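> quick one, structure for this:
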Amino acid sequence: MDNIVALIFSKDRAMQLDLMLRSFFMYSKDEMEVVVIYKASWEHAPSYKILKSDFPKVVFVEQVNFKYDVLRALLKKDYVLFAVDDCIFVHDFSVARILTELRSGDYLGCSLRLGENVTWCYNYGSEQHIPEYTVRGEFISFNWTPRDSDFAYPLELSSSIFSVPEMMGIIRTPFYSNPNELETIIAEAAELHRGEYHPLLLCYPTSAAFCNPLNVVNSDNYNKCGKKYSVSYLFEKYMEGYRINLDKFKNFIPNSCHQEVDVEFMI
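All right, here's what the predicted structure looks like:
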């Protein structure tokens with residue numbers, strides 16, 4: 001799988017990134033290059049040093065110029081799987097089979113977080129309807145252009161696969177300095193060109209991933225999150241040798257793209 005890169009964004013959340021990477025390698029059926037672009041404040045730097053040791057096959061890129069770091073990671077790749085550090089993979093997924101299907105239709109991309117189970121929109125705090133869809137072998141596809149809530153938000157960074165040439169057309173020119181700004185740019189592009197972009201989005205019938213918003217690290221854009229596990233608390237537990245127990249999330253079926261779920265620690 002030399003034509004795709006899994007590009008992950010992280011800031012000061014080693015505990016969550018550790019869980020994300022372990023779940024990714026557990027459920028991904030295919031090997032691919034994995035790159036983490038991270039930003040660590042001075043007190044969190046030691047935790048990322050541990051991560052580098054624990055995941056020697058992962059390329060860790062300390063953020064210097066975020067836009068340049070992103071564009072460089074996408075060079076010579078045909079596809080990108082975007083993900084973030086609070087994403088958790090919960091079911092098997094095959095990038096090889098996803099790419100085969102993407103090449104066969106007029107798809108904008110493949111969402112690993114959507115599925116028939118996603119009946120609640122966390123950000124809006126409301127129910128959402130599952131759109132009419134077409135079964136495509138082991139996948140389903142739907143027209144995202146007339147939808148609302150999560151099903152109308154096709155360009156996002158938490159756990160989706162896109163064509164690199166098409167992403168480059170959106171992200172090469174504008175300025176952005178962090179993942180929030182990058183996602184704003186691609187989401188606005190989808191809205192602006194709603195009638196022009198590929199109308200179909202691919203996903204599994206049941207979500208392969210979801211985000212567990214335990215805390216927030218971006219002070220520029222407030223994202224809704226839980227209050228039980230602060231960044232500092234998880235950092236201290238991580239440095240004490242604790243890790244989040246992945247077993248709790250095996251075959252977990254979320255009802256939302258973002259869902260607060262209590263975690264269990266192991267050592």
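
> ok, then the element right after the helix or strand hosting Ala73?
Following DSSP states H and E, one finds Ala73 within helix 66-74. Under the assignment DSSP H and E, the closest C-terminal helix or strand after helix 66-74 is strand 79-84.

> against which helices or strands is that next one packed?
Here strand 79-84 touches strand 4-11, helix 14-27, helix 95-102, strand 159-163, helix 164-171, going by 3 or more Cβ pairs under 8 Å, 6 or more residues apart in numbering; DSSP states H and E. From N, CA and C alone the C-beta is placed, and that goes for glycine too.

> ok, which of the ones you listed comes nearest Gly125?
Ranking the helices and strands packed on strand 79-84 by proximity to Gly125 (Cβ to Cβ) places strand 159-163 first, at 21.1 Å.

> what does the closest one rub up against?
Identification of contacts with strand 159-163 by Cβ atoms under 8 Å, 6 or more residues apart in numbering yields 4, 78-84, 87, 89, 95, 98-99, 102, 108-113, 154-155, 208-211.

> for the helix holding Ala73, buried residues please.
Phe66, Lys67, Asp69, Val70, Ala73, Leu74 (16 or more other Cβ atoms under 10 Å).

> and the fourth one, what pLDDT?
You'll see Val70 listed with a pLDDT of 98.

> ok, back up a step: between strand 4-11 and the helix holding Ala73, find me the angle.
Between the axes of helix 66-74 and strand 4-11, defined by axes from the mean of the first three to the mean of the last three Cα atoms, to 10 degrees, the angle is 150 degrees.

> for Gly195, which non-adjacent residue is closest in space?
Leaving aside its chain neighbours, Gly195 sits nearest to Thr145 (6.8 Å; criterion: Cβ to Cβ, 6 or more residues apart in numbering).

> next: Ala73.
Val35 (4.9 Å).

> that older thread, with mean pLDDT, mean neighbour count and distance to Tyr122 as extra columns, can I get the helices and strands packed on strand 79-84 in JSON lines?
Shown next, in JSON lines, are the helices and strands packed on strand 79-84 (pLDDT from 0 to 100; neighbours: other Cβ atoms under 10 Å; distance: least, Cβ to Cβ, whole Å):
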{"stretch": "strand 4-11", "mean pLDDT": "98", "mean neighbour count": "23", "distance to Tyr122": "19"}
{"stretch": "helix 14-27", "mean pLDDT": "98", "mean neighbour count": "22", "distance to Tyr122": "17"}
{"stretch": "helix 95-102", "mean pLDDT": "98", "mean neighbour count": "18", "distance to Tyr122": "24"}
{"stretch": "strand 159-163", "mean pLDDT": "98", "mean neighbour count": "23", "distance to Tyr122": "14"}
{"stretch": "helix 164-171", "mean pLDDT": "96", "mean neighbour count": "16", "distance to Tyr122": "25"}
